[in-house]
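Student: sequence and predicted structure below; questions after.
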Amino acid sequence: MKGSRLMQIQKRIIQKELKYENVVVLKYHIEYPRITNESNNIPSMKFNIYNEQIAKQIQRKAENELYKEAVELYKYNKKNNYPIMVYEIYRTFEITLNTNNTISLYADEYVFIGGAHGTTTRTSQTWNMTNGRLINLYELYRGNPYFILDILKEISKQINQNKEIYFEDACCMAIDNFNPQNFYLTTNGIVIYYQQYDIAPYSSGIRTFEIKQ
């Protein structure tokens, strides 16, 4: 049936190197998804427009705000005979579920603006492709007013199984830093994630917790 057809999702890329005094001071690589089959129906159009707008917004930030900062850093480093650092934005995405009129994905955006290392921020989307609407976490737990408590209990359990990679008070931090927007779906269930430094050191990366349903 047309309604249950698998969506064909293509990777689109916007990338460029920006120079000052003929020296590259900033470069960006921005990936975003686009549905290529059924692209003329309203849900697919909403999905495509939404993701293209995100990519264009990141591009504008790179070419305006971050480029100005990169030029100033270049001038400062050149004046003081410091190594030239290149600002960088690198965004990728991963489709984690594409079935039964549902698309779920996450995107990782790495930003380097000098210092010892860059930072990566994860965002995610889960779509109902019958109506082109983003799905909230609470919709997946209808009838369970205590679902956040259940999720946090499972997260604490998983943290305690591998304590050494987390901060000492990670279980409390998991409660304080819980964000209901930070989730995506897989064939196994729901994945809750925490940003870098939320509950673990930089070396531990973005921590994820699979919650069975």
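Tutor: Ah, there it is.
Student: let me see the mean pLDDT of the helix of greatest length in the chain.
Tutor: Secondary structure of the chain read by DSSP state H shows that its longest helix is helix 42-61. Per-region confidence: helix 42-61 scores 97 on mean pLDDT.
Student: hmm, who's touching the helix or strand that that helix is followed by?
Tutor: Sequence order places helix 67-79 as the next helix or strand after helix 42-61, per DSSP states H and E. Here helix 67-79 makes contact (CB atoms under 8 Å, 6 or more residues apart in numbering) with 18, 20-21, 23, 25-26, 82-87, 113-114. (Glycine included, C-beta is placed from N, CA and C.)
Student: just the buried ones from the residues you listed, in PyMOL syntax?
Tutor: Here is the PyMOL selection string for the buried members of these, based on 16 or more other CB atoms under 10 Å:
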select buried, resi 18+25+26+86+87+113
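Student: so which of the contacts of helix 67-79 is the closest to residue 122?
Tutor: residue 113 (18.1 Å; CB to CB).
Student: could you give the mean pLDDT of stretch 76-87?
Tutor: pLDDT averaged over stretch 76-87 gives 96.
Student: what's the spacing between that stretch and its chain's center?
Tutor: How far stretch 76-87 lies from its chain's middle: 30 Å, per CA atoms, centre = their mean, to the nearest Å.
Student: now do the same end-to-end measure for it.
Tutor: Terminal residues of stretch 76-87 are spaced 14 Å apart (CA to CA, to the nearest Å).
Student: what's the nearest residue to residue 11 if we skip its chain neighbours?
Tutor: residue 31 (5.6 Å; CB to CB, 6 or more residues apart in numbering).
Student: adjacent strands (with direction) for the helix or strand hosting that neighbour?
Tutor: Element membership for residue 31 (DSSP H and E) is strand 23-35. As defined by DSSP bridges, the strand partners of strand 23-35 come to strand 9-20 (antiparallel), strand 87-99 (parallel).
Student: ok, and what's touching the last one?
Tutor: Think strand 87-99. So strand 87-99 is in contact with 6-7, 9, 11, 25-33, 55, 58, 62, 66-67, 69-70, 73, 103-114, 118, 126, 184-187, 191, going by CB under 8 Å, 6+ apart.
Student: phi, psi of the closest residue to residue 133 other than its chain neighbours?
Tutor: Nearest residue to residue 133 in three dimensions, chain neighbours excluded: residue 127, at 7.2 Å (CB to CB, 6+ apart). Here is the backbone geometry of residue 127 (degrees, to the nearest 10): phi -110, psi 140.
Student: isn't residue 127 right up against residue 102?
Tutor: Yes. Residue 127 is within contact range of residue 102, at 6.8 Å (criterion: CB atoms under 8 Å).
Student: of those two, which one has the most company?
Tutor: residue 127 (24 against 15; other CB atoms under 10 Å).
Student: ok, the more buried one - contacts?
Tutor: With CB under 8 Å, 6+ apart, residue 127 has these contacts: 43, 47, 102-104, 133-135.
Student: so which of these sit within helices?
Tutor: Those of these lying in helices (DSSP H): 43, 47.
Student: most tightly surrounded among the strands paired with strand 23-35?
Tutor: strand 87-99 (a mean of 18; mean count of other CB atoms under 10 Å).
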